[in-house]
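S.K.: I need the structure of the sequence given here:
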Amino acid sequence: KDPLVRGTAQHISERFGEFKEIRQSEKLTFKLDGQRQFVQVLPFQDDRGIDWLIVVTIPEADFMGQIYANIRNTFILAILALGIAVGLGFLVARWLASPVLHLTEASRQIADGQLSLQVDESIHIDEIRTLAHSFNRMTGQLKTAFGTLEDRVKERTADLASANKQITTLNEKLKGENLRMGAELDAERRIQQMILPKADELASVNGLDIAGYMEPADEVGGDYYDVLQADGLVTIGIGDVTGHGLESGMLMLMTQTVVRTLQEIRERNPVTFLDTLNRTIYANIQRMNTDKNLTLAILNYNKGHVRISGQHEETLVVRADGSIEHIDMMDLGLPIGLDDDIADFIDSTAVQLQPGDGIVLYTDGIPEAYSSAKKQYGMERFCEVISQYWPQSAEAIKQGIIQDVRSFIGQQKVFDDITLLVIKQLSD
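M.R.: Numbers count the residues shown, from 1 in each chain. Next up is the predicted model:
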């Protein structure tokens, strides 16, 4: 009638069929009313004819209840131990981190400029106490360094203010000096323009149609040309001083003065003329302590006969039909002012002009002019333009050449002085 016994017997019967089939110890499990049951079946026999089956059935609930209770207690104890460990860890961490947090806050305050701040060194951790001591030393050193730096900044600020005042004063002086120099340059430029031959002077030269042009690259140019006449002899000069600016302009004025003086004393020998001019200019160049010099061509004209001397750009002899002859000037002299004695290097050549023939003199500012495309004007184009306009008057020829050069240069800056002299033999 016991349900456990009945259920156990039923399970054994279903498993083995007959009890006599059980010959060895068996361990079985089954469920009864939803509860797991553990069964041990042990056959027992002896010599006296005993043949039993010893069956032991134990419900799982009889021993697992205590196991479950032990597990629950162990879990509760583990949770309790974990909480205690976390709490102790937090307290220890706070105990260790508190001095570090104080140092961190002190660092922030020092970064904000509170260099007088000192941290407490009575810390129970040796390493952090050493760090606090070093921190206080560093703060003191920073305070001293910043104090020294502020003093130096004040000194430098005062020095800079003084220097700025001096610079301002100097700038004012330079401004005044620039204005004065500008006025002087303007005065010299005016003087240069004033001593150039006037249109009525050129028109008064018998037998010649003459037109001249000079444009300096700077306020004061270094190019020179002049047309002088006395006792039927016409002296024509053209020169190019190295560079341009004040010194070159001064040398140009000196040259014009010496040429006019020699022409007024009727000096007609080309060797004596150029040698005397060279000695005078050379002495002045030495006094000026400059390295300037100039190329210079002197032409003496009398009734169609032209004698040419001096070293300069090629002299272009243009015939009435527009054909051009080139006279190389390299062997007719040396640059003026380069050496004190050039007499042995001076030579001359003669040209005979017929009505309609003429001469074109120029400085290198024309053939060496550059366009915006970095191309050079060149002698070939220069000669073509001369031939094209040659049937016209000297003034028209000059205007045609200058207009073509300007068109070629375009908006490009003019880097060298431009000088042109057109001389045309008139009919008798």
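S.K.: Now the element after the lowest-mean-pLDDT helix or strand in the chain, going C-ward?
M.R.: One helix or strand of the chain scores below all others by mean pLDDT, DSSP states H and E: helix 126-195, with a mean of 73. Beyond helix 126-195 on the C-terminal side, the first helix or strand identified by DSSP states H and E is helix 199-203.
S.K.: counting contacts, what elements does that next one pack onto?
M.R.: strand 208-215 (3 or more Cβ pairs under 8 Å, 6 or more residues apart in numbering; DSSP states H and E). Every C-beta, even on glycine, is put in place using the N, C-alpha and C of the backbone.
S.K.: repeat that for 6 Å
M.R.: Applying 3 or more Cβ pairs under 6 Å, 6 or more residues apart in numbering; DSSP states H and E, one finds that helix 199-203 contacts no other helix or strand.
S.K.: List the buried residues of it.
M.R.: Within helix 199-203, the residues that count as buried by 16 or more other Cβ atoms under 10 Å are Leu202.
S.K.: which residues in the protein form strands?
M.R.: 26-32, 35-45, 51-59, 208-215, 223-230, 233-241, 294-302, 305-309, 315-318, 324-327, 348-352, 358-362, 418-425 (DSSP state E).
S.K.: list the buried ones in the longest one?
M.R.: In this case it means strand 35-45. Buried residues in strand 35-45 (16+ other Cβ under 10 Å): 37, 39, 41.
S.K.: tell me which of those residues is nearest to Glu368?
M.R.: Using Cβ to Cβ, the shortest approach to Glu368 within those belongs to Gln37, at 124.9 Å.
S.K.: got the contact list for that closest one?
M.R.: 30, 57, 59 (Cβ atoms under 6 Å, 6 or more residues apart in numbering).
S.K.: and with 10 Å instead?
M.R.: Counting by Cβ atoms under 10 Å, 6 or more residues apart in numbering, Gln37 touches 4, 7-8, 11, 28-31, 57-62.
S.K.: Adding distance to Tyr224 and neighbour count, write those out as TSV.
M.R.: Listed next are those as TSV, based on distance: Cβ to Cβ, whole Å; neighbours: other Cβ atoms under 10 Å:
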residue	distance to Tyr224	neighbour count
Leu4	145	14
Gly7	144	17
Thr8	145	20
His11	142	18
Leu28	139	16
Thr29	134	10
Phe30	138	17
Lys31	135	11
Thr57	143	20
Ile58	139	12
Pro59	138	14
Glu60	133	14
Ala61	135	11
Asp62	138	11
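S.K.: can you tell me which of the buried residues of strand 35-45 lies nearest to Phe273?
M.R.: Among the buried residues of strand 35-45, and counting by Cβ to Cβ, the member closest to Phe273 is Gln37, at 150.5 Å.
S.K.: Model confidence score at the closest one, please.
M.R.: In this model, Gln37 is scored at 81, pLDDT.
S.K.: measure it to Arg6 for me?
M.R.: Counting by Cβ to Cβ, to the nearest Å, the separation of Gln37 from Arg6 is 12 Å.
S.K.: With Leu149 instead?
M.R.: 103 Å.
S.K.: cool, Thr168 as well?
M.R.: For Thr168 relative to Arg6 (Cβ to Cβ), the value is 124 Å.
S.K.: next one: Asp347
M.R.: Taken as Cβ to Cβ, the span from Asp347 to Arg6 is 158 Å.
S.K.: Neighbour count for the two, which is higher?
M.R.: Between Asp347 and Arg6, counted using other Cβ atoms under 10 Å, the more crowded position is Asp347 (16 against 11).
S.K.: which residues touch that one?
M.R.: 270-271, 274, 308-311, 329, 331-333.
S.K.: Mind doing that once more with 6 Å?
M.R.: So Asp347 contacts Leu332 (Cβ under 6 Å, 6+ apart).
S.K.: Number the chain from 26, please
M.R.: Yep, numbering from 26; the last one is Asp372 now.
S.K.: And it, its phi and psi?
M.R.: phi -140, psi 180 (degrees, to the nearest 10).
S.K.: Tell me how many other residues surround Phe370.
M.R.: 16.
S.K.: Need the nearest residue in space to it, chain neighbours excluded.
M.R.: The shortest distance from Phe370 to any non-neighbouring residue, by Cβ to Cβ, 6 or more residues apart in numbering, is to Leu359 (4.7 Å).
S.K.: and Tyr249, what is it in contact with?
M.R.: 264, 277, 280.
S.K.: With Asp382 instead?
M.R.: 344-345, 450.
S.K.: now Thr182
M.R.: Taking Cβ under 6 Å, 6+ apart as the test, Thr182 contacts no residue whatsoever.
S.K.: That one and Asn189, how far apart?
M.R.: Taking Cβ to Cβ, one finds Thr182 at 10 Å from Asn189.
S.K.: Now that we have the contacts of Gln62, can you turn them into CSV and tack on distance to Arg406 and pLDDT?
M.R.: Shown next, in CSV, are those (distance: Cβ to Cβ, whole Å; pLDDT from 0 to 100):
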residue, distance to Arg406, pLDDT
Leu29, 134, 78
Gly32, 132, 80
Thr33, 133, 78
His36, 130, 81
Leu53, 127, 83
Thr54, 123, 82
Phe55, 126, 82
Lys56, 123, 82
Thr82, 132, 83
Ile83, 129, 81
Pro84, 128, 82
Glu85, 123, 76
Ala86, 125, 75
Asp87, 129, 74
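S.K.: Thanks again, I'm all set now.
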